[in-house]
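S.K.: sequence and computational prediction follow.
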Amino acid sequence: MTASVQKANLGTLLKLAWPIVVSRASQTVISLSDALLVAHLGAAALASTATGAINAMTVLMLPLGISFIVQSFASQLFAKNDLAGARRYGWYGLILAALTQVACLLAWPQVGRVLELLPYEPDVRDLMASYLRIRLLSGGAVIGIEALGSYFGGLGRTRPGMVANITAMVLNVAGNWILIDGLFGAPAMGVPGSALASALASGIAFAGFFIYFLMEGPRVKLSAREFFRMLRFGIPEGFNWFFEFGSFVFFTNVTMASLGTSSLAAMNAVLTVNSVSFMPAFGLASSGAILVGQAIGANRRDDVPGILKLTMKTALAWQGAVGLICLLIPQFLIGFASQGEKGPEVVAIGVQMLRVAALWGVFDAMAMTQTETLRGAGDTFVPMMLRIALAWLVFAPGSYFSVQVLGWNAVQAISWFVIHLAALAAILFVRFRLGAWRHIQLVEHSLV
């Protein structure tokens, strides 16, 4: 087998992107099915499940961000026709997944103590604790799927990751249907049933993906120095995702939770809908990063600005279309949250939030494509510092002050998403134009 670097054009971008889009959309279906199938249990169940899923991802965000760098190494090595080198990074991603599972098991006993520090209503906190403890049992499997998907994506093969994610989606939806309300003799577990369905689905999907990886290629000799080089570039990417996502979790768990269960439930319902646009746009951005990595590996760095322009235009076209739908039919999109005593209030707040989400999605697409392009080139440290500073010096304190001191309501508070993402897109544009990414040497062959 020899490497065949693909020419960067719209057809190639879409060919790489559609399996990633399906993969991310399947993850959206998982979140949406979790929310839909527990919504009839009331606002507390919806808030605890949706927010619990966000909190579970917070725990996984650092290794998840690190796993994305596997794609950057694999794509550049693939373009250099070093297929064994690319495969080593698949194994390094699996080592990262194993370490993640150990960390999740160590964090398991602390779940209740951490949630007691946050301003949840007691019924929401108790349900969320049960949800999180179960979800953490599959943390390593989640990272394993992402790491192997990144490896195959770097080779220009995005379909294996799609198959793994679709498998997880089908198993998760079926498990939710059976375990939440108790069908076919299973106990009615409610919110914990949703968590168990997700954990089982992730574990089974990862097992199948891992077997495919083992059958797909020969054994390779691993290098501790290479693994730590991956961490050198991957940890800034991981910290970027962890701290930026952490600011969002602070907004949800502290700022938004202080406004009451209805506002929190509405926020999570809107985020579930918004992920329909976020995940496909991220898939397009990730495909652009594959093309960037391959271009750099093939010594064609001058192609990178054109790849970024193509990727951004495509992502903006998608995000703009979704934003228009949010403006035209918000009641239809948010209608699933109408169950329970507080349902009408949740929907009323959510409709207003969706109108703001239509705007923040545009800036999100711009920031995402630039972030992924820089990551594909190995430029992770300075973007990390810029993004963390913006998240924790502007977004988190600004939104908190607005609610706690100025008395802003939930809809006004999420305008900080627009401010944050617009500023981020502008800062990353300047970073890319300065051209530091042109001088970064991601791959060193001398390590093995």
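M.R.: Structure's in. What do you need? Numbering: from 1, shown residues only.
S.K.: once you drop chain neighbours, what's closest to Asp123?
M.R.: Ala44 (4.5 Å; CB to CB, 6 or more residues apart in numbering). (C-beta placed from N, C-alpha, C; glycine too.)
S.K.: who touches that neighbour in this structure?
M.R.: 121, 123-124, 127, 261 (CB atoms under 8 Å, 6 or more residues apart in numbering).
S.K.: how close does it sit to Asn253?
M.R.: For Ala44, the distance to Asn253 equals 15 Å [CB to CB, to the nearest Å].
S.K.: what's the answer for Ile334, then?
M.R.: Noted for Ile334: a distance of 21 Å to Asn253, by CB to CB.
S.K.: these two: which is more packed in?
M.R.: Using other CB atoms under 10 Å as the criterion, Ile334 and Asn253 rank with Ile334 on top: 24 against 21.
S.K.: could you pull out the helices for the stretch 1-150 of the chain?
M.R.: In the stretch 1-150 of the chain, the helices defined using DSSP state H, counting those that start in this stretch lie at 10-39, 43-79, 83-107, 111-115, 122-135, 139-154.
S.K.: cool, the stretch 251-400 of the chain as well?
M.R.: In the stretch 251-400 of the chain, the helices defined using DSSP H, counting those that start in this stretch lie at 261-297, 304-328, 330-334, 343-376, 381-390, 396-404.
S.K.: relative to Val411, which of those helices is closest?
M.R.: Nearest to Val411, of all these, is helix 343-376, at 4.3 Å by CB to CB.
S.K.: let me have the helices of the stretch 1-150 of the chain in JSON lines, extended by distance to Ala199.
M.R.: JSON lines is the format used below for the helices of the stretch 1-150 of the chain (distance: least, CB to CB, whole Å):
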{"stretch": "helix 10-39", "distance to Ala199": "12"}
{"stretch": "helix 43-79", "distance to Ala199": "10"}
{"stretch": "helix 83-107", "distance to Ala199": "11"}
{"stretch": "helix 111-115", "distance to Ala199": "14"}
{"stretch": "helix 122-135", "distance to Ala199": "6"}
{"stretch": "helix 139-154", "distance to Ala199": "8"}
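S.K.: who wins for proximity to Val173 among those?
M.R.: Closest approach to Val173 among these is made by helix 10-39 (4.7 Å; CB to CB).
S.K.: buried residues in the closest one, which are they?
M.R.: 12-13, 16-39 (16 or more other CB atoms under 10 Å).
S.K.: any stretches of the stretch 151-300 of the chain with poor pLDDT?
M.R.: 276 (pLDDT under 70).
S.K.: at 90 what do you get?
M.R.: 180-192, 216-219, 240-242, 244-283 (pLDDT under 90).
S.K.: who touches Thr311 in this structure?
M.R.: The contact partners of Thr311, by CB under 8 Å, 6+ apart, come to 13, 284-285, 287-288, 291, 369, 372-373.
S.K.: give me phi/psi at Pro119?
M.R.: With angles defined as degrees, to the nearest 10, Pro119 sits at phi -80, psi 50.
S.K.: any idea how far Ala35 is from it?
M.R.: Distance of Pro119 to Ala35, given as CB to CB: 22 Å.
S.K.: on that earlier part again, quick check, nearest of the contacts of Thr311 to His439?
M.R.: Nearest to His439 among these, with distances taken as CB to CB, is Thr373, at 15.4 Å.
S.K.: run a quick neighbour tally on the closest one.
M.R.: Thr373 has 26 nearby residues by other CB under 10 Å.
S.K.: got a list of what it touches?
M.R.: Contacts for Thr373 (CB under 8 Å, 6+ apart) come out as 285, 288-289, 292, 304, 307-308, 311, 432, 437.
S.K.: equivalent analysis for Ala47, please.
M.R.: 124, 261, 264-265, 268.
S.K.: for those, pick the one with the most neighbours.
M.R.: Ala265 (32 neighbours).
S.K.: surely that residue meets Lys342?
M.R.: Yes. With contact defined as CB atoms under 8 Å, Ala265 reaches Lys342; the gap is 7.1 Å.
S.K.: shared neighbours, the two?
M.R.: Common neighbours of Ala265 and Lys342 (CB under 8 Å, 6+ apart) are Ala43.
S.K.: out of the contacts of Thr311, who's nearest Leu105?
M.R.: Nearest member of the contacts of Thr311 to Leu105, counting by CB to CB, is Glu372, at 31.3 Å.
S.K.: residues in contact with that closest one?
M.R.: Contacts for Glu372 (CB under 8 Å, 6+ apart) come out as 282, 285-286, 288-289, 292, 311.
S.K.: ok, now with 10 Å
M.R.: 68, 71-72, 282, 284-290, 292, 308, 311, 315 (CB atoms under 10 Å, 6 or more residues apart in numbering).
S.K.: now do Leu231
M.R.: Per CB under 10 Å, 6+ apart, neighbours of Leu231: 66, 69, 92, 96, 238.
S.K.: and the furthest pair within those?
M.R.: So, the contacts of Leu231 by CB to CB: farthest apart are Tyr92 and Gly238, at 13.5 Å.
S.K.: compare the two and say which is more crowded by neighbours.
M.R.: Higher neighbour count among Tyr92 and Gly238: Tyr92, with 27 against 22, using other CB under 10 Å.
S.K.: can you check the pLDDT for that one?
M.R.: Looking at Tyr92, its pLDDT reads 98.
S.K.: wait, it touches Leu77, no?
M.R.: No. At 12.0 Å, Tyr92 and Leu77 do not qualify as touching, with contact defined as CB atoms under 10 Å.
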